[in-house]
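Trainee: sequence isn't available, so here's the structure alone:
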């Protein structure tokens with residue numbers, strides 16, 4: 001992370017004032033790395049009756065089979081109580097389950113203890129969610145185009161409304177930066193700077209130096225592209241691209257890294273070259289590759305819905321693993337350039353307060369009113385808006 005000559009840098013929470021606690025599922029089985037397994041779990045729940053259905057559901061204080069809740073915004077799941085529900089599984093959606101681990105979720109409000117509907121209302125192809133990742137080592141912020149389930153850090157959406165409108169920035173911030181930099185920064189530019197410059201204490205040193213700003217924003221956009229993994233697929237230079245050298249087993253159990261050979265051993269399967277930077281990449285003190293592998297191979301408790309999972313290792317997971325190795329290596333290569341970013345000519349929190357940018361008005365810390373249609377409430381009733 002960049003250094004700064006003083007401690008009067010504004011907080012991320014002041015620059016991006018609307019933030020939301022991440023969703024809390026309350027049960028693990030509605031998520032998984034394989035959407036077909038989620039549909040099979042739902043079907044097993046629907047076939048069960050009475051106490052069997054209740055045991056499979058795994059009730060909590062927040063959700064039982066008799067909980068009455070409305071639809072998730074933008075989703076078409078049922079609203080009748082699960083105790084008598086029937087019908088097909090809502091189509092699973094892609095989510096960020098853990099750092100750099102894209103999995104799937106059954107988007108049904110009845111399955112989720114705290115779904116954070118305000119996040120679902122603004123989740124679309126224009127949105128970028130930034131999540132705080134407390135602890136070290138690793139990135140301070142992660143960015144994703146998917147609904148993030150990472151805990152415990154808060155989620156800062158870039159936009160307050162669907163369609164990429166009304167940026168979640170302190171009113172007047174971009175105008176102030178424009179005047180000081182002589183440039184015209186956009187909301188994504190500010191976000192790019194933030195993912196590059198934010199420090200572990202979640203302060204974001206700003207600068208009025210246009211060359212330094214442009215350099216930090218360039219690094220940040222590269223970081224955002226790698227974290228979001230949308231558009232063109234990232235690639236390592238020729239000769240450094242990871243390949244499957246020995247076929248992966250149908251049900252792998254062990255993961256081992258040979259640093260000298262730069263080889264990832266998955267039982268008798270082998271992938272190489274795997275740069276040490278990929279293997280060593282951590283978020284909040286957890287090695288990303290190990291966590292990704294464990295989430296796909298850990299044996300669930302027999303008799304639970306989570307025990308319904310692929311019988312063999314899908315080819316898609318191998319492709320995802322090769323891409324993850326690539327992304328982590330490329331991100332690690334950006335690390336030294338980010339650490340060399342020394343913020344000079346700072347724009348301080350005191351300056352932003354004097355200019356009236358901070359503190360942001362209280363309304364900017366609350367969700368925007370984005371409802372342009374009725375949302376179905378419990379048992380098919382329309383919610384009163």
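Mentor: Yep, it's here. No experiment lies behind these values; they were computed from the predicted model shown.

Trainee: next, the buried residues of stretch 330-340.
Mentor: For stretch 330-340, burial by neighbour count (16 or more other C-beta atoms under 10 Å) applies to 330-332, 335, 338. Bear in mind the C-beta positions are built from the backbone N, C-alpha and C, glycine included.

Trainee: helices along the protein, start to end?
Mentor: 12-15, 35-47, 50-57, 117-121, 173-181, 187-197, 210-228, 276-280, 288-297, 315-339, 349-354 (DSSP state H).

Trainee: elements contacting the fourth one?
Mentor: Okay, so that is helix 117-121. The contact analysis (3 or more C-beta pairs under 8 Å, 6 or more residues apart in numbering; DSSP states H and E) places helix 117-121 against no helix or strand.

Trainee: before we move on, what about the second one?
Mentor: With contacts defined as 3+ C-beta pairs under 8 Å, 6+ apart, the packing partners of helix 35-47 are strand 31-32, helix 50-57, strand 101-105.

Trainee: please identify the most buried of the ones you listed.
Mentor: Across the helices and strands packed on helix 35-47, averaging neighbours per residue (mean count of other C-beta atoms under 10 Å) puts strand 31-32 on top, at a mean of 22.

Trainee: state the mean pLDDT of that strand.
Mentor: Average pLDDT, strand 31-32: 98.

Trainee: name the residues that touch that strand?
Mentor: 25, 38, 41, 95, 97, 103-106, 149, 306, 309 (C-beta atoms under 8 Å, 6 or more residues apart in numbering).

Trainee: which one of those sits closest to residue 355?
Mentor: Nearest to residue 355 out of the contacts of strand 31-32 is residue 149 (C-beta to C-beta; 37.0 Å).

Trainee: contacting residues for that closest one?
Mentor: Contacts of residue 149 (C-beta under 8 Å, 6+ apart): 22-23, 25, 31, 95-98, 105.

Trainee: before we move on, back to that, quick one: the helices and strands packed on helix 35-47 as JSON lines, columns for distance to residue 84 too.
Mentor: Below are the helices and strands packed on helix 35-47 laid out as JSON lines (distance: least, C-beta to C-beta, whole Å):
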{"stretch": "strand 31-32", "distance to residue 84": "24"}
{"stretch": "helix 50-57", "distance to residue 84": "10"}
{"stretch": "strand 101-105", "distance to residue 84": "23"}
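
Trainee: quick one, domains of this structure?
Mentor: 3-232+342-380, 243-325 (automatic domain parsing).

Trainee: need the winner for burial among the ones you listed.
Mentor: Of those, domain 3-232+342-380 is the most buried (mean count of other C-beta under 10 Å), at a mean of 18.

Trainee: can you give the contact residues for stretch 271-284?
Mentor: Looking at what lies outside stretch 271-284 - C-beta under 8 Å, 6+ apart - the contacts are 99-100, 133-139, 142, 236, 240-245, 248, 257, 259, 261-264, 287-289, 321-322, 324-326, 328-329, 331-333.

Trainee: one more: stretch 151-158?
Mentor: Contacts for stretch 151-158 (C-beta under 8 Å, 6+ apart): 12-13, 16, 18-22, 24, 116, 119, 122, 127-134, 148, 167-168, 187-188, 191.

Trainee: low-confidence ranges in the stretch 1-150 of the chain?
Mentor: 1-6 (pLDDT under 70).

Trainee: cool, the stretch 201-350 of the chain as well?
Mentor: In the stretch 201-350 of the chain (pLDDT under 70), no residue qualifies.

Trainee: quick test: name the residue nearest the centre of the chain.
Mentor: Compute the mean C-alpha point of the chain, and by C-alpha atoms, centre = their mean the closest residue is residue 148, 3.5 Å away.

Trainee: where's that one relative to residue 142, distance?
Mentor: Distance, residue 148 to residue 142, using C-beta to C-beta, to the nearest Å: 8 Å.

Trainee: what touches both of the two?
Mentor: 96, 131.

Trainee: pull the contacting residues for residue 48.
Mentor: Per C-beta under 8 Å, 6+ apart, neighbours of residue 48: residue 56.

Trainee: one more pass at 10 Å, please.
Mentor: Residues counted as contacts of residue 48 (C-beta atoms under 10 Å, 6 or more residues apart in numbering) are 54-57, 305.

Trainee: next, it: phi, psi?
Mentor: phi -80, psi 150 (degrees, to the nearest 10).

Trainee: got it, and residue 303?
Mentor: phi 90, psi 0.

Trainee: I'd say it and residue 56 touch.
Mentor: Yes: using C-beta atoms under 10 Å, residue 303 is in contact with residue 56, at 8.5 Å.

Trainee: can you tell me which residues contact residue 264?
Mentor: For residue 264, counting by C-beta under 10 Å, 6+ apart, the contacting residues are 242, 244-245, 255-258, 270-274, 278-279, 289, 293, 321, 325.

Trainee: how near is residue 113 to residue 53?
Mentor: Distance from residue 113 to residue 53, by C-beta to C-beta: 18 Å.

Trainee: closest one to residue 360 out of the contacts of residue 48, please.
Mentor: Closest to residue 360, out of all of those and judged by C-beta to C-beta, is residue 57, at 41.2 Å.

Trainee: how close does the nearest residue to the closest one once chain neighbours are set aside sit to residue 43?
Mentor: Nearest non-adjacent residue to residue 57, counting by C-beta to C-beta, 6 or more residues apart in numbering: residue 65, 5.7 Å away. Counting by C-beta to C-beta, the gap from residue 65 to residue 43 is 16 Å.

Trainee: quick one: end-to-end length of stretch 199-214, please.
Mentor: 19 Å (C-alpha to C-alpha, to the nearest Å).

Trainee: and that stretch, how far out from the chain middle?
Mentor: Taking C-alpha atoms, centre = their mean, to the nearest Å, one finds the center of stretch 199-214 at 23 Å from the center of the full chain.

Trainee: hang on, isn't residue 35 packed against residue 102?
Mentor: No: Residue 35 is not in contact with residue 102 according to C-beta under 10 Å; the separation is 11.5 Å.

Trainee: shared neighbours of those two, anything?
Mentor: residue 94.

Trainee: what's the first-to-last distance across stretch 201-211?
Mentor: By C-alpha to C-alpha, one end of stretch 201-211 lies 25 Å from the other end.
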